[in-house]
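[1] Okay, structure incoming, though there's no sequence with it:
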């Protein structure tokens, strides 16, 4: 028995020793490995979530590219013109771009990509579906987008329109739901890419990870020390992320890590640092404007004074700042109009002036939070505790995200109030007003406010139809003023993406304040020779 | 033997009824869960027109029995439909992810086979002496601790504090590749003549399989010990002992065999439990298996994928228990007789 145990011990020790050698990080390789909450989808007509956005920007090119100041610059499109009626946008395409396949990128690819996106209708199609009728190539290097109606925010939205290799994809059609277009190459794009971006997919482990490598023929080139390879992992379980960071098996952790796990990683390893990207994402208190007692603007105003913004920004959602408009501060036409602070007296006064002053103490106000975001519960509990001090009852309800999305479909099932986090996908405020305030778009998780105000709709439509950027920004200001007067919802914080990264051999300083652009690999530098472990 | 065959055939007949019931139950449960599957499949921002088109294509607007009919018709043709999460055929997903889970469960099933019996026998042999106390005490702690806690602890101990085993997840380290033959990575690596890859695959398997098997091993060890002690007091043991049969022969031949029959029966149920526990363990270790796939499918309300996984698990559960019954009937002649009557 003793001999058996000794043999077992020797086996284990040698196993451990050999394993350690086998799993040491590969020296000298320029990797950028990062976790995501879910598996990205890099078909530009399918993926639109955070993880997908982060991968898409690295694999594909867009007509225009976002700039740090929230505007756009020419990219695949060298220049553009707009017809007098604002319905025809003509883009001149660069002639020096090649896809990863070696095919040249032409106007035909651009037209095909837009028609494919509209035909499938998923992914970022929601930015174009209601406004663009079709796309056509006028010649090899001029493409026209035909709009159904003048659409001011189009240019900013085009940063989410990715161009696919039409010659490649047409040869990969399988049987599918799109008539003559079969599956539009969707099956092929599960394992490959069809882009011209700075990186190309090299291998895929379904549901687990996607790997890619640098595309040396990229027309816009690279700065020195851009990573040679990337891996996006589709799972971000806290203990595993912490372990992988400590072993330098990850260059950065996703921004969904909890405040506690981020702090724990930073405390345990001084070489780990925190990068921030203020992408306009933030937390709001959505309010169902049609349900009593929150249908009264005075009650909605009172809720705004029952939030301890300072504590939330310093303790619960660190590095956040108080949000002072219905749109984030980096959006076009931003105006700081909500100047709420924690003030029980003002809350009490607003309630006293409301039509529910006599009855509100008996009716609890329902406050829903998403069970998958633990920090939101702390915010809910804080509001509940503060409300109780002025005799207001708040009933907290924890719901899974899928139920919140389902309940938002109807005004009756939409909760009275919900703590929701939103990150805009473009820097133009127009798409945010549409998705969060316009009556036509009610019944989604983004538009549970059920404002249903025709005057507000008119203002939003007027802004969308204004192509001139300064004039449009002025109308955006009017929309904010109108919404702020009525307290359509209460903005709480603007929270940055907080990214733990390996500062000893990685430079991570996001430049573009847009969702997913924290992982634009051309802006990241990796120094594998500095990696010690 | 003919009685054995008849029993197997009879059980297979019942199995088809059970599977039909299971399919109705799981299809109804998944469908009535809150959340619009079309909206979840296409994302919260997809235009309503596109979502409605999708609903029609997937028959989500039809009454539940009609939806079930369409689904069943597909399944009977060997097609579980498309997964809304992976955007691929569920059958293709299952074919890819099933071997990973199977390999995990096989490795998680090995420790109970050997150590449960070994520890159970040791506990019985050294009843109320220190080896018995150690086994009993540790089994209480191990059984009471949930599997996912072991998974997190192992990851912390062997991944974070003592970085000696893979924490990155997956089945092989970066840069290694093994041609697929059986889908079982260790075996495939050995078939391909790549011992280093086999060792690496084993290193990836060690922690998740250990986390999965610990509780079951100790539970079955306690069961074996109890039956050993119960049988040790029976008359036939006293008789063979009094006839001068050596102690180790008595233990091995007359005591162990009847004592492990209940343990073997429980092992069949435990295999199904291991599949269930794998849901969390695969998530923690980023193991690209069927359980993690199912977890994502449940969160995304991927009706086809959830139904596909449950049906496959149902078949595995039924077949495992059938196999266990056959083993028990071979081990215990009384069972054969009672079944044939």
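    Thanks, I have it. Since the model is a prediction, treat every value here as computed from it, not as a measurement. Numbering: from 1, shown residues only, chains lettered A, B, ... in the order given.
[2] the strands in the stretch 101-250 of chain A, which residues?
    Remark: strands of the stretch 101-250 of chain A, listed N- to C-terminal, are A:132-139, A:142-147, A:199-205, A:209-214, A:229-233; assignment by DSSP state E, counting those that start in this stretch.
[3] Return the most buried member of those strands.
    strand A:229-233 (a mean of 23; mean count of other Cβ atoms under 10 Å in any protein chain shown). For every residue, glycine as well, the C-beta is placed using N, CA and C.
[4] Near chain A, which residues of the stretch 101-250 of chain B are found?
    Applying the criterion Cβ under 8 Å from any Cβ of the partner chain, the portion of the stretch 101-250 of chain B that neighbours chain A consists of B:152, B:155-156, B:159-160, B:162-170, B:173-175, B:196, B:199-200, B:203.
[5] Among those, which lie within helices?
    Among these, the members found in helices (DSSP state H) are B:152, B:155, B:196, B:199-200, B:203.
[6] Give the single residue among these positioned nearest to residue B:52.
    residue B:152 (43.0 Å; Cβ to Cβ).
[7] Just give the nearest non-adjacent residue to the closest one, would you?
    Take residue B:152 and drop its neighbours on the chain: the residue closest to it by Cβ to Cβ, 6 or more residues apart in numbering or on different chains is residue A:239, 5.1 Å away.
[8] cool, residue A:124 as well?
    The nearest residue in space to residue A:124 (Cβ to Cβ, 6+ apart) is residue A:160, at 4.1 Å.
[9] ok, now residue A:484?
    Taking Cβ to Cβ, 6+ apart as the measure, residue A:484 lies nearest to residue A:337, with 3.9 Å between them; neighbours along the chain are not counted.
[10] do the same with residue A:134
    Nearest non-adjacent residue to residue A:134, counting by Cβ to Cβ, 6+ apart: residue A:146, 5.1 Å away.
[11] Roughly how far does that neighbour sit from residue B:80?
    Taking Cβ to Cβ, to the nearest Å as the measure, residue A:146 and residue B:80 are separated by 41 Å.
[12] Identify the residues contacting the residue positioned nearest the centre of chain B.
    Central residue check for chain B by Cα atoms, centre = their mean: the C-alpha nearest the mean position is that of residue B:275, 3.0 Å away. For residue B:275, the contacting residues are B:101, B:105, B:291, B:313, B:316-317, by Cβ atoms under 8 Å, 6 or more residues apart in numbering or on different chains.
[13] do the same with residue A:380
    Contacts for residue A:380 (Cβ under 8 Å, 6+ apart) come out as A:367, A:369, A:394, A:396, A:419.
[14] Regarding it, what is its secondary structure?
    Taking DSSP: H, G, I helix; E, B strand; the rest coil as the rule, one finds residue A:380 in the helix state.
[15] For chain A, give me the ranges with low pLDDT.
    Within chain A, the ranges that satisfy pLDDT under 70 run A:1-27, A:533.
[16] quick one on the thing from earlier: so the residue nearest to residue A:134 sits right up against residue A:135, yeah?
    Yes. Judged on Cβ atoms under 8 Å, residue A:146 makes contact with residue A:135 at a distance of 7.1 Å.
[17] hang on, the earlier thing: just give me the neighbour total for the residue nearest to residue A:484.
    Summarising burial for residue A:337: neighbours were counted as other Cβ atoms under 10 Å in any protein chain shown, giving 15.
[18] Please apply the same query to residue A:301.
    Residue A:301 is flanked by 21 other residues according to other Cβ under 10 Å.
[19] how about the helices in the stretch 1-150 of chain B?
    All helices of the stretch 1-150 of chain B, identified by DSSP state H, counting those that start in this stretch, fall at B:2-32, B:37-42, B:48-57, B:64-76, B:90-111, B:117-125, B:130-144, B:147-155.
[20] how does chain A divide up, domain by domain?
    Segmentation of chain A into domains, based on automatic domain parsing, reads A:27-36+A:197-276+A:499-533, A:61-181, A:282-494.
[21] so how far is the longest one off the chain centroid?
    If I follow you right, that is domain A:282-494. Relative to the chain's own centre, domain A:282-494 is displaced by 19 Å; criterion: Cα atoms, centre = their mean, to the nearest Å.
[22] Of all the helices and strands in chain B, which has the lowest average confidence?
    Counting by mean pLDDT, DSSP states H and E, chain B has its least confident helix or strand at helix B:333-340, which shows a mean of 63.
[23] Please report the distance of the closest residue to residue A:167 other than its chain neighbours from residue A:164.
    Excluding the flanking residues, the one nearest residue A:167 by Cβ to Cβ, 6+ apart is residue A:103, at 5.0 Å. Computed with Cβ to Cβ, the distance linking residue A:103 and residue A:164 is 11 Å.
[24] higher neighbour count, those two?
    Neighbours of residue A:103 and residue A:164, each counted by other Cβ under 10 Å, are more numerous for residue A:164; the result is 28 against 16.
[25] Next up, the contacts around that one.
    Applying Cβ under 8 Å, 6+ apart to residue A:164 gives the contacts A:44, A:60, A:109, A:112-113, A:116, A:185, A:194-195.
[26] quick revisit: PyMOL command to pick out the buried ones of the residues of the stretch 101-250 of chain B next to chain A?
    When burial is assessed using 16 or more other Cβ atoms under 10 Å in any protein chain shown, the buried subset of these is captured in PyMOL by this command:
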select buried, chain B and resi 152+155+156+159+160+163+164+165+166+167+168+169+170+173+174+199+200+203
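[27] Off-centre distance for stretch A:521-528?
    Between the mean C-alpha point of stretch A:521-528 and the mean C-alpha point of its chain there is a distance of 22 Å (Cα atoms, centre = their mean).
[28] Identify all contacting residues around it.
    Applying Cβ under 8 Å, 6+ apart, the set of residues contacting stretch A:521-528 from outside is A:27-32, A:58, A:198-199, A:220, A:222-228, A:230, A:251, A:505-512, A:517.
[29] which residues in the stretch 301-450 of chain A form helices?
    Taking DSSP H, counting those that start in this stretch as the criterion, the stretch 301-450 of chain A carries its helices at A:309-311, A:344-353, A:374-388, A:401-407, A:429-437.
[30] tilt between the longest one and helix A:344-353?
    Orientation check (axes from the mean of the first three to the mean of the last three Cα atoms, to 10 degrees): helix A:374-388 against helix A:344-353 gives 70 degrees.
[31] and residue A:395, how many neighbours?
    That count, for residue A:395 with other Cβ under 10 Å as the rule, works out to 13.
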